[in-house]
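Novice: Quick one, what's the 3D model for this:
(2 chains)
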Number of protein chains: 2
Amino acid sequence: MAVTYRQAGVDVALADALIERIKPLARATRIPEVVEDVGGFAGLCAVPEDIDHPLLVSGTDGVGTKLKVAFATGRHDTIGQDLVAMSVNDVITTGARPLFFLDYFGCGKLELGVAESVIAGVADGCRLAGCALIGGETAELPGMYPDGEYDLAGFCVGVVSRHRVLGPARVQVGDALIAVASSGLHSNGYSLARRVLEQELALDLSQHHPALGSSVADALLTPTRIYARAVQALLKELGPEVHALCHITGGGIPGNLPRVLPEGTIAQIRMSHERPKIFDVIERGGPVDPEEMFKTFNLGVGLIAVVRAEARERALATLTAAGERAWHFGALVAGPPDAAASVERLED
Amino acid sequence: MAVTYRQAGVDVALADALIERIKPLARATRIPEVVEDVGGFAGLCAVPEDIDHPLLVSGTDGVGTKLKVAFATGRHDTIGQDLVAMSVNDVITTGARPLFFLDYFGCGKLELGVAESVIAGVADGCRLAGCALIGGETAELPGMYPDGEYDLAGFCVGVVSRHRVLGPARVQVGDALIAVASSGLHSNGYSLARRVLEQELALDLSQHHPALGSSVADALLTPTRIYARAVQALLKELGPEVHALCHITGGGIPGNLPRVLPEGTIAQIRMSHERPKIFDVIERGGPVDPEEMFKTFNLGVGLIAVVRAEARERALATLTAAGERAWHFGALVAGPPDAAASVERLED
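Specialist: Here you go, the predicted model:
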């Protein structure tokens, strides 16, 4: 008997059905720059005409083992927002406005409902970021993933004027550091978080946890905040008084903040804010050393803005008006000349 | 005893070591438009200034279960070229010049040698495509992939003038179809190919196969051709006489060629070319029905150019001079008005 592609584990008709379901989701994320698809092989987007000397800014990321929590709970509707957040929050640190996003969804056996749910979350994230979901790939790879599991990768392109790129060159001693609250773990450190919660503490993900005020699953699946619109508001209000932006991802504050600071500077910060309870549960539950916590998780700080000292209050007001919780986090002082930038925690 | 991130299965130092090894590989793919990295969160690339009303063209893809052949043979040095090819060959069908590429590498346990080998292949592919490897993500996800396995996703952005976008609107009855040779399976249909070769025929991948003139593994791992430079040459030589380009991926010729043709047309083609032997081995070995072969594999045709009839010989000469094997494949005739475009095979 003849062998078919379907017998080999690939259902082309199912993939086509998924594409039909995705189309309206993607259409709802359209921005004026997107050009109607001309043949289906690629997405087209104009370069915004109001940007002088435009530079394209690109980033790619996945969501790490936060996926395992989605698998364990069967809740696939927000992990797509996490995917968008991880790339978008990187791209906007340059001062760029996100333009478009593409996703890769790889699985062993395509489950229409799961894939649609994930991609609906991607579309939600794109709307929050103000960027268009312009393309994607759904790959059915028999034998590559266990049933019910998948991996995700996301890709974002934004645009910024060559004259407005943020970064270390703009940052000066005396600048103020503004923290913007995270919604929880975002999408980093889940291998350690799950090790503590599922193994050391042997918690049932679905059970209500008194200290969290929710189930462990709810706390772990809280979607990553997307700072794109708040950052656009900040750039509009403060203009060149915004010097740098830092996305707190893997490596935590000490692993990320120095990346946007010039040599010979020290970021003096105060970790006195109220952080999401999930971090306390993990730290006590491990126990995990506070230093390890600091260099693994965002600890309640999703984004740090480095702004001109005089603009500090306006920055706080603008971010607050944009719906973020933001606070004065510290300041930049002079360190040993030519030494790499570093982070110093002041006593609470 | 306190729990650390490393004990949870994530080795940050190893990831940092990989980044150091990747840097020179990425640097070797630089194009003039790339801007020196300003903080590490995102890649920056200028929009080429010689393109009137630039449109950004983006595509994403993986390499499917061709990965399984890399795992089985331990040969990871060319799968990266496949990854670049899959996205780049999509992007160039619009007439775009590829600008930059980003890769996502997801694994359960990071193996430095394997990851470096894969990404070296990505860099090779970028050089062949003339685009810059501007960013990437290496994700170590404990428990997500079996040891020694990984998944890959690639993202490409190119640029084309709004006035030069190829596609169905330019295509006319009477146009000539030019086939450009593939190097083999490229990166589609591997689940079916492996089912036949490994299960039905129970072949040893490493063994020499007389009909192939090589080992089965060599035939299966032949890198996907990247048509970017040949297409740039064709566009330069023929200009607006190139009407459409079609990348033959999953779905084969009948699943892809109609996507670039207008309604009411029929592509009459002749499948009389000599195709790579691997297709014969699969078709006989399954056996696989010739129709199933036709709608699953490229069958030796990696790209189809739709050009003005009068430009046919110049197209062939240009593609040949650019190092491709190309031949006259057929022509476009009028079909029932308003009917979807279709493909008709003429007798050999």
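Novice: can you tell if stretch A:210-226 touches chain B?
Specialist: No: Stretch A:210-226 lies apart from chain B when judged by C-beta under 8 Å from any C-beta of the partner chain; the minimum separation is 14.3 Å. The way it works is simple: take the backbone N, C-alpha and C, and place the C-beta from them, glycine included.
Novice: Relative to the whole chain's centre, how far out is that stretch?
Specialist: The chain centroid and the centroid of stretch A:210-226 are separated by 16 Å under C-alpha atoms, centre = their mean, to the nearest Å.
Novice: Now do the buried residues in it.
Specialist: A:212, A:214-226 (16 or more other C-beta atoms under 10 Å in any protein chain shown).
Novice: what about that stretch, average pLDDT?
Specialist: What stretch A:210-226 shows for mean pLDDT is 96.
Novice: and if you look at stretch A:57-77?
Specialist: 96.
Novice: That one close to chain B?
Specialist: Yes: remark: stretch A:57-77 sits within contact range of chain B at A:57-62, A:64-65, A:67-68, by C-beta under 8 Å from any C-beta.
Novice: chain center to stretch A:189-201: distance?
Specialist: 21 Å.
Novice: what's the span of that stretch, first residue to last?
Specialist: With C-alpha to C-alpha, to the nearest Å as the measure, the first residue of stretch A:189-201 is 17 Å from its last.
Novice: Quick one: residues contacting A:L316.
Specialist: Applying C-beta atoms under 8 Å, 6 or more residues apart in numbering or on different chains to A:L316 gives the contacts A:178, A:326-328.
Novice: Ok, A:A139 next?
Specialist: Per C-beta under 8 Å, 6+ apart, neighbours of A:A139: A:104-107, B:61-62, B:64.
Novice: Helix, strand or coil: sort out it for me.
Specialist: For A:A139, the assignment made with DSSP: H, G, I helix; E, B strand; the rest coil gives strand.
Novice: ok, it to A:G125 distance?
Specialist: According to C-beta to C-beta, to the nearest Å, A:A139 and A:G125 sit 20 Å apart.
Novice: what do you get for A:V288?
Specialist: If you go by C-beta to C-beta, the gap between A:V288 and A:G125 works out to 29 Å.
Novice: near chain B, which residues of the stretch 101-250 of chain A show up?
Specialist: So the stretch 101-250 of chain A meets chain B at A:102-104, A:106, A:134-137, A:139, A:141-144, A:149, A:151, A:153, A:155, A:157-158, A:162, A:165-169, A:189, A:191-192, A:194-196, A:200, A:244, A:247, A:250 (C-beta under 8 Å from any C-beta).
Novice: From those residues, keep the buried residues only.
Specialist: Buried among those by 16+ other C-beta under 10 Å: A:102-104, A:106, A:134-137, A:139, A:141-142, A:144, A:149, A:151, A:153, A:155, A:157-158, A:165-168, A:189, A:191-192, A:194-196, A:244, A:247, A:250.
Novice: which stretches of the stretch 101-250 of chain A form helices?
Specialist: A:112-129, A:190-194, A:216-221, A:228-238 (DSSP state H, counting those that start in this stretch).
Novice: lowest-confidence stretch among the ones you listed?
Specialist: When I compare the helices of the stretch 101-250 of chain A, helix A:190-194 is least confident, with a mean of 93.
Novice: in stretch A:244-264, what's buried?
Specialist: Quick answer for stretch A:244-264 (16+ other C-beta under 10 Å): A:244-262.
Novice: where does chain A have low pLDDT?
Specialist: A:1, A:37-41, A:348 (pLDDT under 70).
Novice: per-domain residue ranges of it.
Specialist: A:12-164, A:176-345 (automatic domain parsing).
Novice: can you put these in TSV and add distance to B:D16?
Specialist: Compiled in TSV, those are given as follows (distance: least, C-beta to C-beta, whole Å):
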stretch	distance to B:D16
domain A:12-164	17
domain A:176-345	9
